[in-house]
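In: Just a sequence and a predicted model for now, questions to come.
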Amino acid sequence: MTDNKLFIKTLRGEKTDRVPFWFMRQAGRYLPEYMKLRKEAGSFLDLCYNSDFATEVTLQPIRRFNMDAAILFSDILVIPHALGQDLAFKQGEGPVLTPVDNLEKLEALSTSKLHDHLSPVYKTVSNLSKALPDHVALIGFAGAPWTVATYMVNGKGSKDQAETRLMAYQDRETFSKLIDLLVSSTSEYLIEQVNNGAEALQIFDSWSGTLPADEFIKWCVEPVQKIVENIRTVHPDVPIIGFPKGAGAKIKNFIKKTKVNAVSIDTSTSCTWVRDVVQPLCTVQGNLDPLLLVSGGKPLENAVYNILDHLKDGSHVFNLGHGIIPQTPPENVKMVSDIILNYRR
Ligand code: CP3
């Protein structure tokens, strides 16, 4: 039962004996069993759209480390792909898309095949809701409109999202239309994930940190607020985690406006500030540095206890401040998992 799972209880703000945990990008290239399936599948996108493979890849870290939640294996860029934008993942380069940087290209996109295109992802969600151990919760996810738009406009990742920030200033009307399209398709996508068995949702806004305060409200807070409202008209009780990465103190207003159940905290934020300022507002998730998970040893152990000790009196889900990186030794993930599983408040 969803309501009895430790992770779900914590997202609802209930006090639990043990701190639940999972790691962003817990499935992926640091695991040899992932690399094996990835090779068999062909490309990364083939892996995402093959429900049997995507199900298996989602389960791999749970078997090794016994996390309290599994996150659907997919990518945030399946939404632009489903809207008709070309997408490929190139070795060593990351995602490559044909830029959508004017009204004409935006109008060439269409929602007509959205659910058709995404049906393998929905199938993965429904497979997982049957395959997961009873105590493990299933997290569905999507990218937030701003972060997805940065890839759509620029056609690839970028250091400071300058191209997209510039478009938002120079062609505000077109950019608003793009964000509106992403709000509606992302809402539908997430609702369909819950229909298929997702028990919680995370909305990744990885690049919100480069926006000035007013732009942050317009392109990060307001779109996520609308998505949360849309989801709750259909699924009023599904817990939603926001991740406005790099938001700093702006996270307070983000929580107040979007009314998310929890926020994921990046590595730049101090645990004392999180405890004193954020935890009274909602459940917090985070925020170990993924690089410590690479380096390991005593510094890693100390950092894990530091986070646990600081946040133990409020609602806390242990996680990283960003995703696991490929060079992470799996034994370090095991060490951290065991510390958390044995830690009592
Ligand atoms: O967390 C999980 O285990 C679930 C799966 C997941 C992936 N991507 C798998 C993936 C999730 C939740 C994401 C989210 C995602 N994707 C984000 C938001 C979170 C973040 O990391 O900031 C973003 C910005 C993307 C876009 C994306 N996908 C990029 C920039 C890249 C290339 C970078 C890289 O690490 O190579 C990807 C590829 C990707 N997504 C991989 C995985 C496992 C690696 C692909 C491979 O196997 O070659």
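Out: Cool, got the structure.
In: okay, CA-based contacts and neighbour counts for the rest of this
Out: Fine.
In: now the helices: where do they sit in the stretch 201-345 of the chain?
Out: For the stretch 201-345 of the chain, helices defined by DSSP state H, counting those that start in this stretch occupy the ranges 213-216, 222-234, 251-258, 271-273, 290-295, 297-311, 330-342.
In: helix/strand/coil for whichever residue of the stretch 1-150 of the chain sits closest to the ligand?
Out: Taking Cα to the nearest ligand atom, the ligand has its nearest neighbour within the stretch 1-150 of the chain at R25, 2.9 Å off. For R25, the reduced secondary structure class is coil; criterion used: DSSP: H, G, I helix; E, B strand; the rest coil.
In: quick one: it and I324 touch, right?
Out: Yes. Counting by Cα atoms under 8 Å, I324 is a contact partner of R25 at 5.3 Å.
In: what separates V333 from the ligand, distance-wise?
Out: Noted for V333: a distance of 13 Å to the ligand, by Cα to the nearest ligand atom, to the nearest Å.
In: One more: F243?
Out: Using Cα to the nearest ligand atom, one obtains 9 Å as the distance from F243 to the ligand.
In: Could you give the bridge partners of the residue most central in space within the chain?
Out: Closest residue to the average C-alpha location of the chain: F204 at 4.2 Å, with Cα atoms, centre = their mean. Here F204 sits in beta bridges with G143, F243, going by DSSP bridges.
In: In this structure it contacts G143, no?
Out: Yes. F204 is in contact with G143 according to Cα under 8 Å; the separation is 4.6 Å.
In: check contacts around the residue in the stretch 101-250 of the chain that the ligand sits nearest to.
Out: The nearest approach of the stretch 101-250 of the chain to the ligand comes at S206, 4.5 Å away (Cα to the nearest ligand atom). S206 makes contact with 147, 243-246 under the criterion Cα atoms under 8 Å, 6 or more residues apart in numbering.
In: 6 Å instead?
Out: Contacts here follow Cα atoms under 6 Å, 6 or more residues apart in numbering; on that basis S206 touches K245.
In: does the longest helix along the chain come close to the ligand?
Out: Longest among the helix segments of the chain by residue count, using DSSP state H, is helix 172-195. No. In terms of Cα under 6 Å from any ligand atom, no part of helix 172-195 sits within range of the ligand; the closest distance is 13.2 Å.
In: Pull the residues that contact that helix.
Out: Contacts to helix 172-195, defined as Cα under 6 Å, 6+ apart, come from residues 103, 122, 145, 168, 227, 231.
In: how does it look with 7 Å?
Out: Contacts with helix 172-195, where a contact means Cα atoms under 7 Å, 6 or more residues apart in numbering, come from 102-103, 106, 122, 125, 140-142, 145, 167-168, 223, 227, 230-231.
In: Buried ones among the residues you listed?
Out: Under a neighbour-count criterion of 16 or more other Cα atoms under 10 Å, the subset of these counted as buried comprises 106, 122, 125, 140-142, 145, 167-168, 223, 227, 230-231.
In: Considering only those, which also neighbour the ligand?
Out: When contact is defined as Cα under 6 Å from any ligand atom, those do not meet the ligand at all.
In: now, the most widely separated pair of those?
Out: V125 and M167 (35.1 Å; Cα to Cα).
In: Tell me the residues on the stretch 151-300 of the chain that lie near the ligand, please.
Out: Contacts of the stretch 151-300 of the chain with the ligand, taken as Cα under 6 Å from any ligand atom, map to 204, 206.
In: Neighbours of the residue nearest to K113 when sequence neighbours are not counted, how many?
Out: If the residues on either side of it in the chain are set aside, K113 comes closest to A82, at 6.7 Å by Cα to Cα, 6 or more residues apart in numbering. Counted by other Cα atoms under 10 Å, the residues lying close to A82 total 21.
In: ok so, going back, if we only consider the buried ones among the contacts of helix 172-195, which is nearest to P20?
Out: Among these, G140 lies closest to P20 (Cα to Cα), at 17.0 Å.
In: quick one: what helix or strand has that closest one in it?
Out: When elements are assigned from DSSP states H and E, G140 belongs to strand 137-143.
In: who does the helix or strand following that strand touch, helix- and strand-wise?
Out: Taking DSSP H and E as the definition, the helix or strand that follows strand 137-143 towards the C-terminus is helix 145-154. In terms of contact count using 3 or more Cα pairs under 7 Å, 6 or more residues apart in numbering; DSSP states H and E, helix 145-154 is assigned the packing partners helix 162-170, helix 172-195.
In: What lies in contact with helix 145-154?
Out: Counting contacts by Cα under 7 Å, 6+ apart, the residues outside helix 145-154 that touch it are 76-77, 80, 97, 99-101, 157, 161, 163-164, 179, 182-183, 205-208, 219-220, 223.
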